[in-house]
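> Generate a structure from the sequence data that follows.
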Amino acid sequence: MTSPCLPVAALQMPPGREDLAFNRQMLEAAITRAAKDGARLVALPELALTPYFCAAPAGKYRRWAESVQGESSSWCAELARRLGCAILLPLYEHHSQSGCYHNAVIGFDRQGKRLGNGALARKLHLPVNDYPPPGFDEAAHFTPGDELQTFEIEGWRCAVLICYDRRFPECWRALRRAGVELVIVPVAGSGGDDAAFFLGELRTHAKENGLIVLCANKVGEEWLDGMATDNYGESCVINADGAILAHRSRTQGPGVVNATLEHQQLVQIRKQLRYFDDRRDDLFGPVPHGWVR
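Numbering: from 1, shown residues only. Prediction:
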């Protein structure tokens, strides 16, 4: 049975440090605050446990990687159980069987039980950007994923798109075709030009596909190897009609972005805005979604 209302929170986090234990403590304090405010689902930014390291030489920070059954997984499961809220945790994953490294997300429900099987998402598209120098190269650090899992939070059908994956309309279409209602988008978003389009991009995807968006980003300058990544914040909750339910700008700094989702409202929005239903499969072909499980 689907819960008629789902209180959610996106954590807009300050920059991470090279001390991963400190980062966990910082995240735990923020998650605890969100849960005490009533959130039953909490989303964290991309690579929340570490600084963003993709400008570094390939392999330099592999000591930060861990399996989906590792220390951070155990910590998150216990925290979810103790607080009674579901948590989606971005992770620098070292796959124990393949040996590959992934930009991934794992999750736990309100009882601390794992959501899905292994990683809920491994980043599908890996950006490379060499301007302005020194740029970054995610393809040098990660192996791309090739599927996404859907999962339920209190009856709401959910999925994850990690940062750059949000750029591809096909991802959103496929998730809607697979029955998804809520898309969680953890990002490590930086750069002034990107910030100018960020909210508009998410609002467009939400409205065109009748999907609710829960997005978490870091905010402020994150230093690593003498270089700064300037995260722009803009964490938000966006309704299926593109309306902003909650938002936190860069100037507001770190904090919790709270909203309560209403399932009946989602149903009504989808009846009124028929963009997805009116798509002509006879012209374009059906939306491929076999890679969404």
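
> Pull out the buried positions in whichever strand or helix holds Ala259.
Assessed by DSSP states H and E, Ala259 sits inside strand 255-262. Residues of strand 255-262 classed as buried under the neighbour-count rule (16 or more other Cβ atoms under 10 Å) are 255-259, 261-262. Backbone N, C-alpha and C define where each C-beta goes, glycine included.

> same question, stretch 266-275
Along stretch 266-275, these residues count as buried under the neighbour rule (16+ other Cβ under 10 Å): 266, 269-270, 273.

> any chance of the residues you listed in a markdown table, with pLDDT and secondary structure too?
Supplementary listing: the buried residues of stretch 266-275 in a markdown table, determined by pLDDT from 0 to 100; DSSP: H, G, I helix; E, B strand; the rest coil:
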| residue | pLDDT | secondary structure |
| --- | --- | --- |
| Leu266 | 98 | helix |
| Ile269 | 98 | helix |
| Arg270 | 98 | helix |
| Leu273 | 96 | coil |
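
> what two of those residues have the greatest distance between them?
Checked with Cβ to Cβ, the buried residues of stretch 266-275 reach their widest spread between Leu266 and Leu273, with 10.9 Å between them.

> Would you mind listing the residues touching both of these two?
Here Leu266 and Leu273 have 210, 240 as joint contacts, going by Cβ atoms under 8 Å, 6 or more residues apart in numbering.

> just the strands in the stretch 1-150 of the chain please.
All strands of the stretch 1-150 of the chain, identified by DSSP state E, counting those that start in this stretch, fall at 5-12, 41-43, 86-94, 101-108, 121-122, 128-129, 136-137.

> Pick the most buried one from the ones you listed.
Stretch with highest mean neighbour count among the strands of the stretch 1-150 of the chain: strand 41-43 (a mean of 28; mean count of other Cβ atoms under 10 Å).

> thinking again about what came up before, how far does the strand holding Ala259 sit from its chain's centre?
The gap between where strand 255-262 is centred and where its chain is centred comes out at 15 Å by Cα atoms, centre = their mean, to the nearest Å.

> List phi and psi for the closest residue in space to Phe168 that isn't next to it in sequence.
Using Cβ to Cβ, 6 or more residues apart in numbering and skipping residues adjacent in sequence, the residue nearest Phe168 is His125, 6.5 Å away. The main-chain torsion angles of His125 are listed as degrees, to the nearest 10 and equal phi -120, psi 130.

> next one: Phe142
Backbone torsions for Phe142, taken as degrees, to the nearest 10, come to phi -130, psi 160.

> Quick check, it in contact with His95.
No: contact criterion Cβ atoms under 8 Å: Phe142 and His95 do not qualify, at 10.8 Å.

> For the most centrally placed residue in the chain, give me phi and psi.
Note on the chain: the residue nearest the mean C-alpha position is Pro186, at 2.4 Å, using Cα atoms, centre = their mean. With angles defined as degrees, to the nearest 10, Pro186 sits at phi -80, psi 130.

> That one pairs with what?
Here Pro186 sits in beta bridges with Ala216, as judged by DSSP bridges.

> just the helices in the stretch 51-200 of the chain please.
For the stretch 51-200 of the chain, applying DSSP state H, counting those that start in this stretch gives helices covering 71-83, 169-177, 192-209.

> Of those helices, which stretch is the most buried?
Greatest average neighbour count among the helices of the stretch 51-200 of the chain goes to helix 169-177 (a mean of 20), per mean count of other Cβ under 10 Å.

> Check the offset of that one from the chain's centre.
Going by Cα atoms, centre = their mean, the spacing between the C-alpha centre of helix 169-177 and its chain's C-alpha centre is 16 Å.

> That one packs against which elements?
Packed against helix 169-177, as judged by 3 or more Cβ pairs under 8 Å, 6 or more residues apart in numbering; DSSP states H and E, are the following elements: helix 192-209.

> Okay then, goodbye and thanks.
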